[in-house]
Structure formats: C-alpha cells, structure tokens
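J.: The following comprises the amino acid sequence and a computationally predicted model.
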Amino acid sequence: MGTMAMKSDLTWLIDKSRPIRYERSHLCVARCSEGSVIFDFQGKHPRVDPTAFVAPNSLIIGDVDLGVGANVWFFCLLRGDVNSIRVGAGCNIQDYCILHVARDRFPTVLEADAILGHRVTAHGCHIGRGALIGMGAMVLNGARIGEESIVGAGAVVTPGAVIPPRTLALGIPAKPVRDLMEKDFSMMNRTRESYRDLMQVYKGSLLSEEMKNNQASDQN
C-alpha cells in the first residue's frame with residue numbers, strides 16, 4: 001500500500017467516532033493506532049464495539065464484528081473479505097491467531113466467551129459459547145465446536161467435524177476423549193478473567209502513553 005504517514009491515535013480503542021482513512025482501490029484503512037490497523041474491504045466495514053480491545057500490530061479486515069468486551073491480542077489477523085467473521089461478547093483471541101472464512105459457504109463464528117489460545121487457526125468454522133481452543137490448534141471449514149468444550153493444543157478439527165458440548169477433544173484428527181470436569185471449567189474461567197483484567201491494564205497504559213505524546217507535541 002506504500003508509505004503512509006500515520007499519527008499516533010489510540011482513542012479508537014474506546015471511541016469509534018474518529019476514523020483515519022486512506023483510500024486505495026477497494027481497500028482502505030478505517031482506523032489505526034501504533035501499528036494496529038482496521039481495513040474496509042469492498043464496502044465491508046469492520047464493526048468494533050467501543051468496549052473491545054484490539055492490540056497494536058493486529059489486523060482486522062472487512063466484514064468483521066467484535067462484540068462487547070472482546071479482546072484481540074498481538075499479531076492477530078481477522079480477515080472477513082469473502083465471508084463474515086462474528087466474534088461474540090467477551091471472546092479472548094490470543095496472540096498470533098488467524099481467523100479466515102470460506103467464500104459463500106462458511107463464515108467464522110465465535111459465540112460469546114470463546115477462547116482461542118496462541119496461534120490458533122479458525123477457518124470457516126463455528127465455535128460455541130464458552131469453548132476453548134488450545135494453542136496451535138486448527139478448526140477447519142464447516143467444523144462445529146460445542147459450547148464449553150475444549151480442543152487440546154495442536155489438535156486439528158477436520159472439515160465438517162462436530163465436537164459435542166462440554167467435552168475434551170484431542171489429536172489429529174481431533175476426537176472427543178472425555179467429558180469435562182469442574183477443574184476444566186475453572187481453568188477456562190480463570191483464563192477469561194485474567195485476560196479481561198489484562199485488557200484493562202493495556203487500555204490504561206496505551207491511553208496514558210497517548211496523552212504523554214500529545215502533551216509532548218503541544219510543548220513542541
């Protein structure tokens with residue numbers, strides 16, 4: 001896209017009313033802050049709830065909804081170009097995750113409170129409420145993960161597979177191995193709460209840094 005001069009503007013984390021836009025063909029930057037960018041694509045506009053958090057250097061493209069309190073961490077890509085991505089309230093998408101879609105057939109849906117561990121690939125799939133996808137796992141086209149289930153680290157949920165609610169699925173291809181226990185639900189709740197707390201810390205830190213930069217600019 002060439003070199004673009006971008007001023008530091010972190011206010012979009014809590015206020016969507018101040019877009020920065022650079023037109024180029026069908027792709028344009030809707031909002032950006034310290035390397036974090038949100039793109040329109042062919043008239044499809046990302047919708048980020050004001051309470052959501054998108055970390056610097058992540059990338060959101062096209063027909064993507066981020067719900068209340070959703071948090072997207074460093075180096076993530078959510079690409080809703082040829083279909084839609086819906087991220088429900090309270091979802092936790094950890095560093096290096098990739099969310100994409102299949103043209104016409106398979107959008108990607110994360111219901112409320114779903115957790116994607118580091119480096120998860122979610123492609124054209126449906127992840128139920130409160131489910132956890134472990135680090136490095138892949139969930140592929142047409143797969144459905146039941147609510148409050150766990151897909152283990154490194155597992156591959158193959159196209160069209162269905163993981164029942166409240167089960168642990170492991171392996172390649174991923175298969176249910178047991179029902180979840182109370183300790184599993186406690187772990188998932190701790191993970192959600194930890195990232196919600198961390199999100200607030202990062203928001204405060206980023207906005208504080210923005211205020212310092214503005215003050216320094218005013219003095220110059």
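T.: Received it, and whenever you're ready, just let me know what you need.

J.: any idea how far Gln94 lies from Val151?
T.: Note on Gln94: its distance to Val151, by CB to CB, to the nearest Å, is 14 Å. Every residue, glycine included, has its C-beta placed from N, CA and C.

J.: do the same with Asn189
T.: Distance from Asn189 to Val151, by CB to CB: 17 Å.

J.: Please apply the same query to Gly142.
T.: For Gly142, the distance to Val151 - CB to CB - is 15 Å.

J.: Can you pick out the residue with more neighbours from these two?
T.: Val151 (29 against 18; other CB atoms under 10 Å).

J.: Contacts for stretch 191-199 next, please.
T.: Contact with stretch 191-199 is made by Phe53, Gly69, Asn71, Trp73, Gly90, Asn92, Gln94, Asp113, Ile115, Leu132, as judged by CB atoms under 8 Å, 6 or more residues apart in numbering.

J.: Name the residues of it that come out as buried.
T.: Residues Arg192, Tyr195, Met199 are the ones in stretch 191-199 that count as buried (16 or more other CB atoms under 10 Å).

J.: same check, this time on stretch 170-186
T.: Burial within stretch 170-186, assessed by neighbour count using 16+ other CB under 10 Å, is assigned to Leu170, Ala174, Pro176, Leu180, Asp184.

J.: Then stretch 158-167?
T.: Buried residues in stretch 158-167, counting neighbours by 16+ other CB under 10 Å, are found at Ala161, Ile163, Arg166, Thr167.

J.: Listing request: residues of this protein with sub-threshold pLDDT.
T.: 1-36, 207-220 (pLDDT under 70).

J.: Please identify the pairing partners of the top strand by length along the chain and their relative orientation?
T.: Longest strand in the chain, counting residues (DSSP state E): strand 77-87. Paired neighbours of strand 77-87 in the sheet (DSSP bridges): strand 59-66 (parallel), strand 98-100 (parallel), strand 108-110 (parallel).

J.: Quickly compare these and say which is most buried.
T.: strand 108-110 (a mean of 25; mean count of other CB atoms under 10 Å).

J.: now that strand: how far from the chain's centre is it?
T.: Chain-centre distance of strand 108-110: 10 Å, with CA atoms, centre = their mean, to the nearest Å.

J.: Stretch 145-154 too?
T.: From the chain centre to the centre of stretch 145-154 is a distance of 17 Å (CA atoms, centre = their mean).

J.: isn't Ala161 right up against Pro176?
T.: No - using CB atoms under 8 Å, Ala161 is not in contact with Pro176, being 10.2 Å away.

J.: Secondary structure, neighbour count and distance to Pro46 for the contacts of stretch 191-199 - can I get that in a markdown table?
T.: Below are the contacts of stretch 191-199 laid out as a markdown table (DSSP: H, G, I helix; E, B strand; the rest coil; neighbours: other CB atoms under 10 Å; distance: CB to CB, whole Å):
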| residue | secondary structure | neighbour count | distance to Pro46 |
| --- | --- | --- | --- |
| Phe53 | strand | 24 | 14 |
| Gly69 | coil | 20 | 16 |
| Asn71 | strand | 24 | 15 |
| Trp73 | coil | 23 | 17 |
| Gly90 | coil | 23 | 18 |
| Asn92 | strand | 28 | 18 |
| Gln94 | coil | 22 | 19 |
| Asp113 | coil | 22 | 21 |
| Ile115 | strand | 22 | 21 |
| Leu132 | strand | 27 | 25 |
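
J.: All good on my end, thank you.
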